[in-house]
Each structure stands twice: as structure tokens, then as C-alpha cells.
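Asks: Here is my input, please return the structure:
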Amino acid sequence: MESYLNENFGDVKPKNSSEEALQRWRKLCWIVKNRKRRFRFTANLSKRFEAEAIRRSNQEKFRVAVLVSQAALQFIHGLNLSSEYEAPEEVKAAGFQICAEECGSIVEGHDLKKLKIHGGVENIAAKLSTSINDGIPTSEHLINERKRIYGINKFTETPPRGFWVFVWEALQDTTLMILGICALVSLLVGITVEGWPKGAYDGLGIVLSILLVVFVTATSDYKQSLQFRDLDKEKKKISVQVTRDGLRQKISIFDLLPGDIVHLAIGDQVPADGLFICGFSVLINESSLTGESEPVNVNAANPFLLSGTKVQDGSCKMLVTTVGMRTQWGKLMATLSEGGDDETPLQVKLNGVATIIGKVGLYFAVVTFAVLVQGLFSRKLQEGTHWNWSGDDAMEMLEFFAIAVTIVVVAVPEGLPLAVTLSLAFAMKKMMNDKALVRHLAACETMGSSTSICSDKTGTLTTNHMTVVKTCICEEIEEVDNSDKSSFRSAVPESAVKILLQSIFNNTGGDIVKNKDNRIEILGTPTETALLEFGLLLGGDFQAERKASKIVKVEPFNSAKKRMGVVIELPEGGFRVHSKGASEIVLAACDKVIDSKGDVVPLDEQLTNHLQNTIELFASEALRTLCLAYMDIGTEFSVDNAIPLKGYTCIGIVGIKDPVRPGVKESVAICRSAGITVRMVTGDNINTAKAIAREIGILTDNGIAIEGPEFREKSEEELHELIPKIQVMARSSPMDKHTLVKHLRTTFGEVVAVTGDGTNDAPALHEADIGLAMGIAGTEVAKESADVIILDDNFSTIVTVAKWGRSVYINIQKFVQFQLTVNVVALIVNFSSACLTGNAPLTAVQLLWVNMIMDTLGALALATEPPTDELMKRSPVGRKGNFISNVMWRNILGQSVYQFVVIWYLQTRGKAAFHLDGPDSELILNTLIFNSFVFCQVFNEISSREMEKINVVKGILKNHVFVAVLSCTVIFQIVIVEFLGTFASTCPLTWQQWFVSILFGFLGMPIAAALKLIPVGSN
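Replies: Here you go, the predicted model:
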């Protein structure tokens, strides 16, 4: 079976599956009872084609808009443009001078002419009643007026479906519809022949069973939909930095309004349509909106920023002009949201299993019906009544047909693929509480198979709370005491302190602002925050330093260059470049240094060795090191010129402490015992990386630590030899990480999870089997490329995700084992009985009840088992593990044989064993068979909690869902047998008969335990 599944249903990958693969498996699933339910949690391919068409249309529209605006530019210069625009009265009355449609047409149409007519960005801001420095006023009345005129930043979404929609969808089941028709005919014939109410019992029994199945199914599906809706809300939570009332604050993108001043940095998503106010080196990736991969330069000459695009480089301030459904992104999102998630490999495989069993079941159903009808004809021939057909004969034929249809109901395990969704929904909800937000369903199950984790160091293995603890300035190594700044300043010449503060406060991606509580707040990455705190400790004034000199050009930090630079125009004239970044790289660009007297002297070999030894000393103490440098470049500098790479004067080296997170060492040890290799991939100094890797147990005696530049130089053969031994990669670029991941996946067949937080990590996150983005430090670009967002940036949470992933995989295996056992026994019992005795012991109503036990209730009980620590002591499944393992086949076949023997014994010897005679003996025997069969399933459900361990009751009371499902099954079985006999074709049993039924069920547990002692190979 496994090879058939891999061949026909194995094309679907955990991520980035082709459209052909998604189409192919759908075509193979032709035995489907309820299409709406079976394919509810699969991708809506038609909606995806629609979204792609919108993208292509956008690409063409924006291309034309750019060409038109370029042509318009040639005419604008020198023309005296007069405004013909007049704002509507309603807009004026609300205090604005421009309407939403006009704003939208300027940005979406890239209309430079209109922008010029309105007087440029500053005038548009004035017409929107905002200030480009202070933002919009936040009084409730003004905010409400702004919302009324311009709308809110929310997209139209498909309205949530109510409970009755799920009831209606559950009724779409073809087999239930056929049974419904059977019930209707049974009612009509029964009432005609036997009168009311006696003749209505059989028909009403089927109707009540159908309603019970429908309502239990709908309730389960509705609860799942609520869980997914909650998770969808979490996925869409994005915050942005804005200025309102002159104060910087963080707000949800859904609260943005036209007139808001938004601060964008590298990796951010543009949250609404707007106009560029000021900024440096801004590159925008518009591929999500237009499909165009070439980034666009945004500046004063091309100031248009489109919602949904990503900041690939640089930083800027933008004025929001258009929000929500008035943007192209809003229209695209409305369509994309209906496209759904790709189906997971397990869902597809289980659809394959359901199809195979469905075909077998359909064959058995047809043969069973034929055998039963042939038996009736034979009997009538023997009696010589083959020409006389009564209402009773018609009812018997109808019962045979109902049994055949019900065999199909039981045989097509519609619940298999849905059990995956149920288990994933349950796991995803629980993982949210454990600080992991799953963005793609497949990631949950794939994480359970992971064999390798490539983790960042900063913020994941460490706390990301950074402070400057050591410096080497003017050749002197000093420890930084946060409580005593005077001792530090007295040890460093004033001229050196002055240039150090100029470097810290100008060459930064961070900011020091007043927040909405009117308190000073430092914004930026933890590294930037640590440096700015150090600057304030030295007595520096951020705002004064910024006003003293004008920033001319900024080259933001990125992982490839490992440095950032800024050019400033000095108050006394001339330009100065400040550079900071990875110590070895910036130091290599220096040829001078500030000495102990504060003078600039040439950087000779002795001083170079001193500084390099200092870097190694700091790094060996697990400190993150940065080198700060500057260079005066005269009075001529053009913004178009590149920032120089060499000729700098070294200001000094700072050592930043970032302590290891509590619990990380233990989590790494758990991974090792679970067969998961943890590798550290960092941009930091190799000595810092090695010190921390040793501390937390990643770097062992047999492992290798390597630097990115050295890794890049290796040949394919060398990499093949080297990669299995690599435990630490330092000074790595994003492409080094991508190369490592690709080799691990393709060459070594590993299932790889990768963490990332920066924009440049997106390729590696995309390439990995599971991309894990950081929720706190991660950029929006990284989060969008990821499958799971680690909300607390903690490595221990990644281990929790792996544990839940394993739990999902094993829970679904347990459920499949349980359901296939019921399938096999129910099919064989009814078929063999029909062939050998001419009747079926289990009626349509009874089979519907059995179907519900194994389908919806079984999935609820077994697919929602919480994970245990034992799971992390097993070897990972990996890429090539069989889903239906030999262990499962052993348990399924062993349990099926036992149950079949029990049922067959009761059928053939039951009357004699229980001394049954009289007119009701057949009914009592069939009730006994039904009751024993159900209790065999109840105890088999308990045995299925563990596939290999004998102790199956450990922790059973902690799983409240399991206990509740089991209790409800037993209680309802008692009710069916003792009180609903008229509808269910049962009769009350004696206490001895109850005892024997339960005993037969219970004996399945020691049989299951004995089966587990039989050794079987893993494949």
C-alpha cells in the first residue's frame, strides 16, 4: 500500500507543491461521499488562478503607470500647472481638502502630474490635516471623522460560516442521502403494510441515526473552524511604528488611517498605499503585488509606496494616503484569502488510503447486496412463492440495499483525511499557548519528522537583551560600569569621546524618541539599543548630535556586507563617513587609529595585533564585538557616490554581552536524545560563536566550527565530507545558510528546520522544510517566508514545536490503526455472514453508530492526545519513513483476526452457548453480536493509545477529551441496547450477556499487548 500511495499521492510536498501535483491527487479520489467536507481544508485552486490574474493585471497597470509618469515628467518642468480639483463638500465639512478617491488615484496611478498639481507630498499632508513631523491628532472625534471619510485599513473577508452551514454540508454526504431515501421508502412501505407506528420504526431508526451522525459531524467541524478562525486572526497581527501627536508609538496595521506618518525599515511590509516623505537607500520589492521580482527605487522623484510590498533595503518615513479595499493589495487579499492553504502530505496520503479502502468497500457492498438478494430469491424459489411478492419482501430488499449502502458508509473512511485537520487544529491551538504560531498546516506535521535544526545565535539561543560591558578605545581596555560614567569618561580623551558619540548617534538604525507616555524610549535592534544606551551613559544627547550635523547618505546594515555606513555633513564644512560592523571586517578597512592621547596615528603591525587580540579576547568571553571607525572625505561628496570601503580611522571596539537563554542547554540535550542535530549558523565572530556553542552543548569534541568565507571556497566533494560534521558556522552570509540547508535536504535527505529573523534569511526559510521566523526580532519579510513564527524568539519553543509535530504524526497513526481495524472487521463480518448465512448481523442503524464511533468520535479521542516527553526519546521519522508502518499492520491484522473470531463464534455457536431459543433468539443473538462488536472497538480504542508500549492507560485521565468520548460511547451504547431497540433492532440483554459482551471487548487488550511482543521490521 505504501508504494502505491507514494507513487500516486506522494507528489504533494510540505510546501511549494506544483499545481499539477495538487490537481492529480484530486482526480484520483473518485470515491468521495461528501466533496464539500472532504476537500474543505484543501487549496481552492480556482481562487488561486483568480489571484494570479489580478497580479498579472497589476504588473501591466503599474508598468503603464510608470511609463506615463515618466512621459508626464518631461512636460511638468517649466509648466505653470493650475489645480482643477475641488474637494467634495462632505470632505471639506469634515476638515479635509482631498477625498479618498483622489488620494488613491495619485498613488495607484503613479501620477506625478496630479501630485505636482496638489503641491507635492507636504501639501497632500496638509490637505489630509496632518503634519509630516507630528502626525495626525488623536482626539476621538477627529479619528472617527477620518474613518468616516477615508475608511479603515481592513480587507473584505469571507464571512464566517455558522453552525447550520456545517449541518447542511454534512447532509451533502451521498451515502447518507441514499440512506435517507431508503428510510423514506421504508417509512412508506412499513406504514402501508404494518400501519402506524409499528411500520415506521425501521425508517425512523435510519432517519434518527442520520441526524445523529450529521449533528455530531457538524459540531466537530464547526469547532475546528472556530479554532482556524482564531489562528487566522493571530497570523494577521502586524504592528507598525507611527508618529501621532508628535509621539512615536506602535499600532496595529488595522488601525492605520490616511494622514498617518509611518516609519519603515528594512524587512517591513508597507501597510497601506502612501507617499515617501524622507529616507535613505529605499528599495521596494513589489513581487507580492505584481509578480515583478526586480526591486524598485523609491525616493523623492518616485515617491509611490504600495500596500503589501516589502522594504528590501533602506529606511524611510511615509505618509499614508489610501487604506483597506481602496488599495490594490486589499482587492488581491480578498481573493487570496479564499485560496486556502495547500493540503498537507498526510492529508493527501490519507485521501489515498480512503480511496483504496473505498474501492474495496464498494466491491464488498455490491457483492454483499448481490448475495443477500440471491439468498432471498433462492428461499422464495424453494417455497414456490417467487411470483408472489409482498410488502415484507420489499422491506427485506430495502433492508439489504440499506445494509449495502451502509457498508459503503463504513468502508469509505471519510474521517481519515479530516482526522489530520482535526489533529492539526488541536495542535496549532495548543502551540499558540506555547508561543508558536503555525502559519501553514503542513509545518505542524513536517516538524515531527525533522532531523536537523539550523538555528541563529542572537535572540534565539541568547536572550537578545544586549549591553555594552567592555570597550577598547584609545588602545585602552575598559570595563563599562553602568552606575559610574565619570570614571569611564575620565579615562578617555574628550576628543575621542566626542567622535565616539558622533559615530554612535549618527551611524545607527535605531532612534531615541518620546513614546505616548511621554517617556524616553530607545527603538531599534538589540545591538543598536545597546550602543545607544552606551552613548546616553557617556552623557551624549541624541537629538543635539543629530541637529549638529546633516545626514547625507545611509547604507543600512545587512548580513552580506556585515557593516553599515553613514555620510554626514559637518557644521564647520566638509563630509565625514562613519562605519561600524563586524570587528575584523571594519578593522581591515582601517589604516589609522586614535591613540591614548586622542591623536590619530598610523595603524602599525603592533597596534593591529593589539586590536586583533582584543577582539579575540572579547569573543572568547562570549561577547559580541563591533568595531567603530570614521574617515573625513573633504568637501566634495555626491549622494550617488558609494561610501568608501578603506582608509578609515579606528575609533574603538565594543564588547556587547548577550547572555544565553535559560533552558537552552537542556533543550539542545533533548534534541540530541531525539535524534535531531542542532547547528548554530550566525553572522557573529567565530570565537564568540564557539564559546556560546560549547556552553549550551551544540559544539562537541567531534564537531567542526567553520567560517562562512571558508565554507564558500569548498568544492562539492569537500562539502559532502564536511557538512555532516559542521556544528557551528560563523560569519555566515544568508547564501551560506541557504547552501547549507539545500545540501542537507538534497544530498543528505534530512528534514531541515531553519530559524531566521532578517530579510536576507527569506531564501533559507523558503528552502527549508520548516522555516521558523522570530516573532519579536523578525522582520515581516522573514515572517511571511516562514511556516512557523516563534512568538517569544526562544529555542526551547522550537523544541516544543518538534514535540507537537511528533505528537500529531503519531496521533494520526493511532487513529488510522484504529479505523482500519474497524473497517476490516465490519466489512468481513457483514460480507462473510451474508455469504454463509444469507443475512447480515449488523443493521444499517447499527453500522451508522459504529461508523460514528470510529469516524468523528474516534478522531476526537485519538487525534487529540497531548504530547509526552517520551516522544523526544524516539528517533525521528525522517523523509523516507513509511506512514502505515509494519507495527501498525501487525496491530491491525492481529486485532482484526481476534474480533472476527469473536463475532464468528457468536454467529455460529452463540445460540447454543447462551441457551437462546424462542421467537426472539435471533434478535437477542444479533444484539449480543452488535454489543460485543462495539465493546471490542471501545477497548481497541484504549489499546490504540500506544502502538508499541504495553501500558496503554498511563496518563489516560489527563486526556479529558478521550475520557469524555469513551464515556459517551459506553453510555449511548447502553441506551441503544436497553431503550432504543425499536429503532435500532436491538433488545435488552441480561447482566450475564452484558458481562460476556464487555469481557469479549476487554480480552482484546491482552491480545493487543501480546501482539506488541511480536517483533517486526521498521519497513
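Asks: Could I get the contacting residues of P526?
Replies: P526 makes contact with T458, G459, N464, H465, M466, D658, A777, according to C-beta atoms under 8 Å, 6 or more residues apart in numbering. The C-beta positions use only the backbone N, C-alpha and C, and glycine is treated the same way.
Asks: should've said V586
Replies: Shown in contact with V586 (C-beta under 8 Å, 6+ apart): R563, S579, K580, L626, C627, L628, A629, Y648, C650.
Asks: For the stretch 301-450 of the chain, give me the ranges with low pLDDT.
Replies: 331-343, 386, 391, 412, 414-415 (pLDDT under 70).
Asks: for it, what spans make up the strands?
Replies: 304-305, 310-322, 436-438 (DSSP state E, counting those that start in this stretch).
Asks: Same list (these) but as a markdown table, adding distance to K92 and mean neighbour count.
Replies: As requested, these are exported to a markdown table (distance: least, C-beta to C-beta, whole Å; neighbours: other C-beta atoms under 10 Å):
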| stretch | distance to K92 | mean neighbour count |
| --- | --- | --- |
| strand 304-305 | 26 | 26 |
| strand 310-322 | 18 | 24 |
| strand 436-438 | 44 | 24 |
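Asks: And those: which comes nearest S715?
Replies: Closest of the strands of the stretch 301-450 of the chain to S715 is strand 310-322, at 31.9 Å (criterion: C-beta to C-beta).
Asks: rewinding a little: can I get the strands of the stretch 301-450 of the chain in a markdown table with distance to T677?
Replies: Below are these laid out as a markdown table (distance: least, C-beta to C-beta, whole Å):
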| stretch | distance to T677 |
| --- | --- |
| strand 304-305 | 43 |
| strand 310-322 | 32 |
| strand 436-438 | 21 |
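Asks: Downstream of the helix or strand of the chain with the lowest mean pLDDT, the next helix or strand is which one?
Replies: Using mean pLDDT, DSSP states H and E, the weakest-scoring helix or strand in the chain turns out to be helix 45-76, at a mean of 61. Downstream of helix 45-76, the next assigned helix or strand under DSSP states H and E is helix 89-93.
Asks: thinking again about what came up before, quick one: which of the contacts of V586 sit in strands?
Replies: Cross-referencing the contacts of V586 against strands under DSSP state E gives R563, S579, K580, L626, C627, L628, A629, Y648, C650.
Asks: ok, the fifth one - contacts?
Replies: This points to C627. C627 neighbours (C-beta under 8 Å, 6+ apart): 580-587, 590, 615, 650, 652-653.
Asks: same thing but 6 Å
Replies: By C-beta atoms under 6 Å, 6 or more residues apart in numbering, the contact set of C627 is S583, V586, L587, I653.
Asks: sec struct for the second one, please.
Replies: Right, the one you point to is V586. With DSSP: H, G, I helix; E, B strand; the rest coil as the basis, the three-state label of V586 is helix.
Asks: mind checking how far the strand or helix carrying T192 is from the chain centre?
Replies: According to DSSP H and E, T192 maps onto helix 174-194. In terms of C-alpha atoms, centre = their mean, to the nearest Å, the centre of helix 174-194 is set 46 Å apart from its chain centre.
Asks: So in this structure, which helix runs the longest?
Replies: helix 795-837 (DSSP state H).
Asks: And it, what does it pack against?
Replies: With contacts taken as 3 or more C-beta pairs under 6 Å, 6 or more residues apart in numbering; DSSP states H and E, helix 795-837 sits against helix 345-383, helix 391-411, helix 415-433, helix 441-447, helix 664-673, helix 858-862, helix 886-913.
Asks: right, and those helices - which one's nearest G203?
Replies: Counting by C-beta to C-beta, G203 lies closest to helix 391-411 out of the helices and strands packed on helix 795-837; the figure is 9.1 Å.
Asks: what's the angle from the closest one to helix 795-837?
Replies: 150 degrees (axes from the mean of the first three to the mean of the last three C-alpha atoms, to 10 degrees).
Asks: residues of helix 391-411 that come out buried?
Replies: Using 16 or more other C-beta atoms under 10 Å as the test for burial, helix 391-411 gives 394-411.
Asks: what's it packed up against?
Replies: Helix 391-411 sits against helix 174-194, helix 345-383, helix 795-837, helix 844-852, with contacts defined as 3+ C-beta pairs under 6 Å, 6+ apart.
Asks: Buried residues in the second one, which are they?
Replies: Along helix 345-383, these residues count as buried under the neighbour rule (16+ other C-beta under 10 Å): 345-358, 360-362, 364-365, 368-369, 371-373, 375-376.
Asks: I'd like to know which of the contacts of P526 is nearest to T739.
Replies: Of all these, T739 sits closest to T458, with 20.7 Å by C-beta to C-beta.
Asks: before we move on, the earlier item: filter the ones in strands among the contacts of V586 to the buried ones?
Replies: Counted by 16+ other C-beta under 10 Å, the ones in strands among the contacts of V586 give R563, S579, K580, L626, C627, L628, A629, Y648, C650 as buried.
Asks: Pretty sure the third one sits against L628.
Replies: Read that as K580. Yes: assessed by C-beta atoms under 6 Å, K580 is found in contact with L628 at 4.8 Å.
Asks: what's near enough to touch the residue nearest the centre of the chain?
Replies: Nearest to the mean C-alpha position of the chain, by C-alpha atoms, centre = their mean, lies R439 at 2.1 Å. Counting by C-beta under 6 Å, 6+ apart, R439 touches K235, D787.
Asks: just W804 next, same as before
Replies: Contact analysis of W804 by C-beta under 6 Å, 6+ apart lists A427, M431, P867.
Asks: could you dump those residues to CSV with distance to I790 and neighbour count?
Replies: Shown next, in CSV, are the contacts of W804 (distance: C-beta to C-beta, whole Å; neighbours: other C-beta atoms under 10 Å):
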residue, distance to I790, neighbour count
A427, 15, 29
M431, 10, 25
P867, 17, 20
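Asks: Nice, that's everything, thank you.
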